[in-house]
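> A predicted structure for the sequence below; I have some questions about it.
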Amino acid sequence: MVREFEPVLPPYRIKVVEPIAFLDAKQRREAIEAAGYNPFNLRADQITIDLLSDSGTGATSDAQEGAAALGDESYAGARSWFRFHDEVTDLTGYPFILPVHQGRAGERVLFGSLLKPGQICLSNTHFDTTHANVELVGAQARDLPCPEAADLDSAEPFKGNIDLAALERALAGPNGGRVGLVLMTITNNGLGAQPVSMANLRATSELCRRHRVPFFLDAARFAENAWLVHTREPEYRDWTPRRIATAAFQYADGCVVSLKKDGLSAVGGFIGLRDRQLHAACEANLIATEGFSTYGGLAGHDLERLARGLREVVDPAYLRARAASTARLARLINEAGVDTVQPAGIHALYLNAGRLLPHLSPERFPGHSLGCQLYLDGGIRCAELGSLYLGTLDDEHRLVTPAPFELVRLAIPRRVYTDTHLEYVAATLADIAKDPERVTGYRIVSAPPLLRHFKVRLEPVSAGT
Ligand SMILES: *Cc1c(COP(=O)(O)O)cnc(C)c1O
């Protein structure tokens, strides 16, 4: 009998290590002040535990690094391309594969050929660059998350699903003819790392087929979604994560994938397609902007690391250990009195900063405030997902419409931190939770008009102002 939180051993040991920095409290205060209180402006060597992103931050294996030495850097038709191509074809089942240097390059190439100005792209939730790339071609991005997603505390297993009733209404409604694409993000990164069920993918696929609308996956975390399907959707209990992932790809007409996540590598991505004509259009765009269609902006050694990474990432022992490690961190944080979006996903935990810091109104950006405090107290870097990122501001950078929730995302890099590192994060949070009122709010000093969170600068606001 397996107890719920029995230690689950990762199926690897550590061979190469990288030092991390330990600044004292005064150094951290100076560093975050010089960064305009924006963690994106910190230097990596000012950070003890970096939970800003799980993208491109994972550790590679000895097999990947060994393979990298075999990288064939021929301009066209390199051996490394064929190894990558065969691995991706085998995983996805799509007849046409185009390599790209990262996910958003794939978005730009795909949407440029698939979407026309005035069309609508529907999604369970668009990722930020995906949203931007839809709108850059003159189309509109609309999110249709399932209603269960609005309850952060419920234990519903598939809160990443698309709202099928709303999708059907949109496809059958007066603007149905304008829908140029339905894009399902697995797992749903914008909404608490929640997975999408196979039943939801199947139903979406049928709806799209009936209405003759292309259905694509934004599958940056295809392996983690497959693991959550394996553990939460009873029909798939006996399926391997790899088989589940392949079945998910088969529900769609194609995919765009950032391999900086489940590719277990620092760069990479691909577009997978069934349609020959769409492939020809995308290929022309790719060659003009990314690189020839057998490398797409990637080096041969990157393609080699990715080909191995795509095998390692669907290893059940790896996925089980990674999911267990995130679940353990969630339990420690919850026991310390800090709520997280339930149930815990795999690549990140989302702290409910709005609930922890009721003394800070949305105008004082409680999520951002908690993120800064984690850096000030523990050298921990993370990302706000609240009103600073998603709210609307007036010309003086004052908040007009707050985000629905004030969250902080702790993204967990793959194979990088041990449970001891994560215990330190939980302990730092526990200290904050003992006296949350000492956390000060912030106001914006300057902000760029687009993708604000990357370059915004702020200053602390003392209580009562
Ligand atoms: C990271 C990500 C992207 C963009 O990929 P990049 O490799 O960062 O360009 C798109 N969609 C989702 C869901 C992602 O997580």
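Cool, got the structure.
> How about the secondary structure of K116?
Applying DSSP: H, G, I helix; E, B strand; the rest coil to K116 yields a three-state assignment of coil.
> Let me see the mean pLDDT of the top helix by length along the chain.
Assignment by DSSP state H gives helix 316-335 as the longest helix of the chain. For helix 316-335, mean pLDDT is 97.
> what's it packed up against?
helix 222-232, strand 348-352, helix 419-434 (3 or more CB pairs under 8 Å, 6 or more residues apart in numbering; DSSP states H and E). For every residue, glycine as well, the C-beta is placed using N, CA and C.
> I'd assumed L51 was in contact with R381.
Yes - under the criterion of CB atoms under 8 Å, R381 makes contact with L51 at 6.3 Å.
> what's the burial count for R13?
By other CB atoms under 10 Å, 6 other residues sit near R13.
> no, scratch that, I was asking about D315
There are 16 residues near D315, going by other CB under 10 Å.
> Please name the residues that touch it.
P11 (CB atoms under 8 Å, 6 or more residues apart in numbering).
> Ok, D50 next?
D50 neighbours (CB under 8 Å, 6+ apart): 44, 57, 380-381, 413.
> how close does G268 get to the ligand?
Using CB to the nearest ligand atom, to the nearest Å, G268 is found at 8 Å from the ligand.
> How about residues contacting stretch 172-183?
Here stretch 172-183 makes contact (CB under 8 Å, 6+ apart) with 111, 114-116, 118-123, 126, 130, 139, 162, 167, 170-171, 204, 207-208, 211, 213-218.
> Restricted to strands, list those.
In strands, defined here by DSSP state E, the members of these are 120-123, 215-218.
> ok, and of these, which contact the ligand?
Taking CB under 6 Å from any ligand atom as the test, the ligand is in contact with D218 out of those.
> of the ones in strands among the contacts of stretch 172-183, closest to L91?
Nearest to L91 among these is L217, at 12.2 Å by CB to CB.
> Chain neighbours aside, what residue packs nearest to the closest one?
Excluding the flanking residues, the one nearest L217 by CB to CB, 6 or more residues apart in numbering is C255, at 4.2 Å.
> What is the neighbour count of that neighbour?
Neighbour count for C255, taken as other CB under 10 Å: 27.
> Please, where are all the strands along the stretch 351-465 of the chain?
Ranges of strands in the stretch 351-465 of the chain, per DSSP state E, counting those that start in this stretch, are 380-381, 383-385, 392-393, 399-401, 407-411, 441-446, 457-461.
> the more surrounded of R381 and L51?
A direct count of neighbours by other CB under 10 Å for R381 and L51 places L51 higher, at 28 against 23.
> Show me what residue of the stretch 251-400 of the chain gets nearest to the ligand.
Per CB to the nearest ligand atom, S258 is where the stretch 251-400 of the chain lies closest to the ligand, at 3.1 Å.
> ok, back up a step: in JSON lines: the strands of the stretch 351-465 of the chain, plus mean pLDDT and distance to H368.
Conversion of those to JSON lines gives the following (pLDDT from 0 to 100; distance: least, CB to CB, whole Å):
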{"stretch": "strand 380-381", "mean pLDDT": "98", "distance to H368": "12"}
{"stretch": "strand 383-385", "mean pLDDT": "95", "distance to H368": "4"}
{"stretch": "strand 392-393", "mean pLDDT": "90", "distance to H368": "13"}
{"stretch": "strand 399-401", "mean pLDDT": "94", "distance to H368": "11"}
{"stretch": "strand 407-411", "mean pLDDT": "97", "distance to H368": "8"}
{"stretch": "strand 441-446", "mean pLDDT": "95", "distance to H368": "6"}
{"stretch": "strand 457-461", "mean pLDDT": "96", "distance to H368": "7"}
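> Make JSON lines from the contacts of D50 and add distance to R28 to it.
Output for these, formatted as JSON lines (distance: CB to CB, whole Å):
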{"residue": "A44", "distance to R28": "14"}
{"residue": "T57", "distance to R28": "21"}
{"residue": "I380", "distance to R28": "10"}
{"residue": "R381", "distance to R28": "11"}
{"residue": "P413", "distance to R28": "21"}
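> List only buried entries from those residues.
57, 380-381, 413 (16 or more other CB atoms under 10 Å).
> Which two of these have the greatest separation?
T57 and I380 (14.3 Å).
> what's the closest of the strands of the stretch 351-465 of the chain to F96?
Comparison of the strands of the stretch 351-465 of the chain against F96 by CB to CB identifies strand 407-411 as nearest, at 31.4 Å.
> could you flag which of the contacts of stretch 172-183 are buried?
Among these, the ones that count as buried by 16+ other CB under 10 Å are 111, 114-115, 119-123, 126, 130, 139, 162, 167, 170-171, 204, 207-208, 211, 213-218.
> thought I120 was touching R142?
Yes - with contact defined as CB under 8 Å, I120 counts as touching R142 (5.9 Å).
> Show the pLDDT at the nearest residue to P241 once chain neighbours are set aside.
Spatially, and ignoring its direct neighbours in sequence, P241 is nearest to A226 (4.1 Å; CB to CB, 6+ apart). Looking at A226, its pLDDT reads 98.
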